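Asks: structure of the sequence below:
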Amino acid sequence: MQAVVLRAFGEPENLKPEVVPDPTPDRGEVLLRVEACGVCFHDVINRRGNLPRTRVPAILGHEAAGEVVALGEGVDGWAVGDRAATLQRLSCGECSYCQAGRRSLCKRDARFFGEEIPGGYAAYMTAPVAGLGRVPHGLPWEVAATTCCTTGTAVHCVRTRGRVTAGETVLITGATGGVGLQAVQLARHDGARVLAVTSSEEKTSALRAAGAHEVIVAPDLRFAPEVRRRTGGDGAQVAIEIVGSLTFAETLRALAPGGRLVVVGNLKTASVELNPGLVIVKELEILGAYATTFSELEEAFRLVASNTIRPWVSEVLPLSDAARAHDRLEKRRVAGRLVLAPAH
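Replies: Below you'll find the model as predicted:
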């Protein structure tokens with residue numbers, strides 16, 4: 001089959017199309033004919049070698065969707081012809097975290113597609129059914145592939161972790177990415193006032209189209225004073241931090257007293273300095289957000305299928321263009337999601 005293989009960590013050019021053996025599903029797995037796979041900045045970080053669980057050669061991609069074409073032993077509830085999409089990672093379903101509904105914290109089976117499990121940059125992939133969601137009929141494949149990691153993550157950040165309520169002001173950094181544009185839409189849908197931050201004037205139109213009440217252009221990544229100015233000196237009640245270490249301190253300063261900072265992205269793997277006094281005096285909450293759960297994926301599909309949230313797929317490219325997709329993503333030339341489509 002055709003696949004894009006990473007044989008050495010490094011530049012986008014290291015992603016090379018190859019012909020590799022067709023995979024065979026093991027017990028508890030299905031074989032998917034991949035119809036689409038989203039390109040996430042997580043893939044870029046993975047390609048650079050910054051995720052310790054990935055071993056090369058590797059097939060990246062955790063945003064895959066396709067049709068079930070074969071079943072491994074012991075698979076119940078799935079049939080050939082079913083439409084499926086991957087969650088970002090697996091979970092056991094039995095540990096205390098899973099039983100409490102916090103499957104993204106499961107440690108018994110924390111495997112991630114595109115890391116320990118070969119991902120969706122391929123014509124076919126095997127997938128444990130513990131990491132699959134059901135795709136509604138009629139949903140385009142490119143939308144199905146990206147819903148979990150974009151809209152699903154937005155649900156996880158805005159609702160589950162951020163606990164956003166109507167009337168609150170929500171600040172979103174990295175707002176023109178796949179997660180950011182969905183978070184803008186969802187926060188507005190839930191009744192919040194949305195302040196979206198971008199480093200580029202050319203991306204403001206996408207943010208306004210997504211429903212941002214106000215857009216702050218901050219090429220120098222200094223936006224806290226402007227956030228305070230636009231909120232009467234208070235700051236934002238909730239911030240969705242998608243950029244990470246580069247803007248973490250600035251986002252913290254932009255929070256109102258009692259504010260909640262949800263950290264979901266870290267584009268540059270670096271440490272940050274934290275002033276505990278600021279957290280103490282303002283009684284701030286710093287919350288991590290990792291991966292979409294089954295229930296959040298179901299809600300994400302409902303939001304997209306009902307046209308409540310617009311899927312933001314900027315372009316569908318041939319699978320062989322994976323390197324070009326990574327290059328464009330790194331150079332910040334993408335609003336929303338790029339998607340790779342294998343030829344069958």
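Asks: roughly how far is the helix or strand hosting Leu31 from the heart of the chain?
Replies: Secondary structure from DSSP states H and E places Leu31 in strand 29-39. Centre-to-centre, strand 29-39 and its host chain are 17 Å apart (CA atoms, centre = their mean, to the nearest Å).
Asks: which elements pack onto it?
Replies: The contact analysis (3 or more CB pairs under 8 Å, 6 or more residues apart in numbering; DSSP states H and E) places strand 29-39 against strand 64-71, strand 124-128, helix 141-147, helix 322-330, strand 337-341. Placement of C-beta: from N, CA and C, glycine included.
Asks: what about the closest residue to Gly74 other than its chain neighbours, which SS state?
Replies: Residue nearest to Gly74 in three dimensions, not counting chain neighbours: Arg27, with 4.8 Å by CB to CB, 6 or more residues apart in numbering. Here Arg27 is recorded as coil under DSSP: H, G, I helix; E, B strand; the rest coil.
Asks: can you pull out the strands in the stretch 1-150 of the chain?
Replies: Here the stretch 1-150 of the chain has its strands, by DSSP state E, counting those that start in this stretch, at 2-6, 15-19, 29-39, 64-71, 83-86, 124-128, 132-134.
Asks: gap between Ile309 and Ile240?
Replies: Ile309 is 15 Å from Ile240, where distance means CB to CB, to the nearest Å.
Asks: Ile242: how many residues sit nearby?
Replies: 28 (other CB atoms under 10 Å).
Asks: picking up where we left off before, make a markdown table out of the helices and strands packed on strand 29-39 and add distance to Val164, mean neighbour count and mean pLDDT.
Replies: Putting the helices and strands packed on strand 29-39 into a markdown table (distance: least, CB to CB, whole Å; neighbours: other CB atoms under 10 Å; pLDDT from 0 to 100) gives the following:
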| stretch | distance to Val164 | mean neighbour count | mean pLDDT |
| --- | --- | --- | --- |
| strand 64-71 | 28 | 22 | 98 |
| strand 124-128 | 32 | 24 | 98 |
| helix 141-147 | 20 | 27 | 98 |
| helix 322-330 | 27 | 20 | 97 |
| strand 337-341 | 23 | 25 | 97 |
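Asks: which of those sits closest to Ala218?
Replies: Closest of the helices and strands packed on strand 29-39 to Ala218 is helix 322-330, at 19.7 Å (criterion: CB to CB).
Asks: between that closest one and strand 15-19, how big is the angle?
Replies: Relative orientation of helix 322-330 versus strand 15-19 (axes from the mean of the first three to the mean of the last three CA atoms, to 10 degrees): 160 degrees.
Asks: report the distance from helix 322-330 to the chain centre.
Replies: 16 Å.
Asks: pretty sure Arg222 contacts Thr251?
Replies: No - between Arg222 and Thr251 there is no contact, the gap being 11.2 Å when judged by CB atoms under 8 Å.
Asks: more crowded one of the two?
Replies: Each of Arg222 and Thr251 has its neighbours counted (other CB under 10 Å); Thr251 has more, 28 against 11.
Asks: my guess is that one contacts Ala239, does it?
Replies: Yes - the criterion here is CB under 8 Å, and Thr251 meets it with Ala239 at 4.9 Å.
Asks: and for those two, which residues touch both?
Replies: Leu171, Thr173, Leu261 (CB atoms under 8 Å, 6 or more residues apart in numbering).
Asks: could you measure from Ala36 over to Pro342?
Replies: From Ala36 to Pro342 the distance is 8 Å (CB to CB).
Asks: wait, Val39 sits on Arg324?
Replies: No - in this structure Val39 lies outside contact range of Arg324 using CB under 8 Å: 10.0 Å.
Asks: which ones are touching Leu246?
Replies: So Leu246 contacts Leu221, Leu267, Lys268, Ala270 (CB under 8 Å, 6+ apart).
Asks: all helices in the chain, in order from the N-terminus.
Replies: Under the criterion DSSP state H, the chain contains helices at 41-48, 96-99, 141-147, 153-155, 178-189, 204-210, 224-230, 248-253, 276-281, 294-305, 322-330.
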